[in-house]
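>>> I'll drop the sequence and a predicted model, then ask my questions.
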Amino acid sequence: MLRIHFTDADLARTRVASAPDPLWEICASLHRLQSRQGRWAHADWHRTARTRVEAIRFGRTLRTLLIPLLPRAAYFPDFLTPPEGTEGLEAGLEAVLSTPPSRVLRELKILARTSGAPAWAPRLAEPDARRELVRAMRIYHETVVSPYADHIKARIEAERHARARSVADLGAQGLLHGLGSSLRWERPVLHAAYPRDRALHLNNRGLLLVPSYFCWGNPVSLADPTLRPVLFYPLHHEPRPAELPDDFGAGASLGALLGRTRAGVLRAVALGATTAELARAVGVSAPSASQHATALRDAGLIVSHRYARSVLHTLTPLGAALLRANGGRTPLTRPFRLDSRRWHGCTAG
């Protein structure tokens, strides 16, 4: 059990990440490849990821470079998930590159003690070896994470809408209510399912909550208590609706596709709305708004969750894609082979 201790100042400084953290999602998606747990929630991604990895001949690098550094275990190095990741992939990778060598070696020694580190791992203290690692992380992200960016972003935005509602109703500590079955708030402590017993005192630093699409089961926190406190936690998953065809919505307005009122309901849901708010937004009765919401939910365009005494509606990735009506897909990364042979049998310089 992980017990995170809050002061009033910590509650005031706790926030939810404004966007998916690409480095954390790299780590969590690698864990999904190493386990069958949660496979049902990521089945489509899992099939596509393996196909894409083989298409660019990246499998050897994945197995011999990335997975050994990010095992599905109680520990992996903190320097691989720097706080700069919240600013985007390139900012996060640049932070990995600029990590002091002494910290890299220190954390790799912890990995060696707890999970086992490959013999070549100490070479990551050298700039050239770390550039090769960062290159592999970038290719992996572009290949198997980035194609799902719209889906991931929509899920994170829905979670942020739900958290905002909690704060509006319950105050600052409302942010910590209803985070999932693996998290329980009993003021002043947030209890989290964890592989080992640990206490984390925030000491007025606050906490960054990072909801994750690929995280499954237990939330994850940085091992080093002196680093900025972060809690990376899993989202609730539902079966994924069918993908939009490439040309779905092209050349047609939402009104023509859904009807004027129902299109207005879908637009109103974009920022998260209760049934009563939908009714006011489109000028219909609450029962009528509920019927429109049901039709959109049955079509896989919105998802509805009971929230206090109301029902909160948010967009699914399918609904978000329809609103954007961009009709495009992320292209497959061009073929590339990273020379992972250089990592075999390496020892510290």
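Okay, I see it. Residues are numbered from 1 along each chain as shown.

>>> pretty sure Tyr194 sits in a helix.
No: according to DSSP: H, G, I helix; E, B strand; the rest coil, Tyr194 belongs to no helix; its state is coil.

>>> domain ranges for this structure?
2-238, 254-324 (automatic domain parsing).

>>> and those, which one is worst for confidence?
The minimum mean pLDDT among those belongs to domain 254-324 (a mean of 82).

>>> if we can go back for a sec, same list, the domains of the chain, but as a markdown table with mean neighbour count please.
The C-beta positions use only the backbone N, C-alpha and C, and glycine is treated the same way. Formatted as a markdown table, those follow (neighbours: other CB atoms under 10 Å):
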| stretch | mean neighbour count |
| --- | --- |
| domain 2-238 | 18 |
| domain 254-324 | 18 |
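
>>> so Val311 is in which element?
strand 310-315 (DSSP states H and E).

>>> what do you get for Ser29?
Ser29 belongs to helix 22-33, assigned by DSSP H and E.

>>> elements contacting that helix?
The contact analysis (3 or more CB pairs under 8 Å, 6 or more residues apart in numbering; DSSP states H and E) places helix 22-33 against helix 43-55, helix 89-97, helix 127-140, strand 208-212.

>>> which ones are touching the most centrally placed residue in the chain?
By CA atoms, centre = their mean, the chain has its centre lying nearest to Ser212, at 2.5 Å. By CB atoms under 8 Å, 6 or more residues apart in numbering, the residues touching Ser212 are Pro20, Asp21, Trp24, Glu25, Ala28, Phe232, Tyr233, Pro234, Leu235.

>>> in the stretch 51-200 of the chain, which spans are strands?
Applying DSSP state E, counting those that start in this stretch to the stretch 51-200 of the chain gives strands spanning 183-186, 189-192, 198-201.

>>> what's in contact with the first one?
Taking CB under 8 Å, 6+ apart as the criterion, the residues outside strand 183-186 that touch it are Gln173, Leu176, His177, Leu179, Leu190, His191, Ala192, Ala193, Pro219, Tyr233.

>>> in CSV: the residues you listed, plus distance to Ala119.
Formatted as CSV, those follow (distance: CB to CB, whole Å):
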residue, distance to Ala119
Gln173, 47
Leu176, 42
His177, 46
Leu179, 39
Leu190, 39
His191, 39
Ala192, 34
Ala193, 33
Pro219, 31
Tyr233, 34
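
>>> measure the residue nearest to Val265 when sequence neighbours are not counted to Ala299 for me?
Among residues not flanking Val265 along the chain, His292 sits closest, at 4.5 Å (CB to CB, 6 or more residues apart in numbering). Between His292 and Ala299 the distance is 11 Å, computed by CB to CB, to the nearest Å.

>>> what do you get for Glu142?
On the measure of CB to CB, Glu142 and Ala299 end up 31 Å apart.

>>> equivalent analysis for Asp21, please.
Per CB to CB, Asp21 is found 31 Å from Ala299.

>>> pretty sure Ser285 contacts Thr275?
No: the pair Ser285 / Thr275 is not scored as a contact, 10.3 Å apart, by CB atoms under 8 Å.

>>> Arg228 reaches Leu207, doesn't it?
No: Arg228 lies out of contact with Leu207 (CB under 8 Å); the separation is 9.1 Å.

>>> run through the bridge partners of the residue nearest to the centre of the chain.
Beta-bridge partners for Ser212, by DSSP bridges, are Pro234.

>>> just the helices in the stretch 151-300 of the chain please.
Ranges of helices in the stretch 151-300 of the chain, per DSSP state H, counting those that start in this stretch, are 254-258, 260-269, 275-282, 286-298.

>>> quick one: contacts for Arg187?
Phe6, Gln173.

>>> gap between it and Asp10?
For Arg187, the distance to Asp10 - CB to CB - is 11 Å.

>>> which residue, neighbours along the chain excluded, lies closest to Pro225?
Here the residue nearest Pro225, using CB to CB, 6+ apart, is Leu200, at 6.1 Å.

>>> now find how far off-centre stretch 57-69 is within its chain.
Distance of stretch 57-69 from its chain centroid, counting by CA atoms, centre = their mean, to the nearest Å, is 21 Å.
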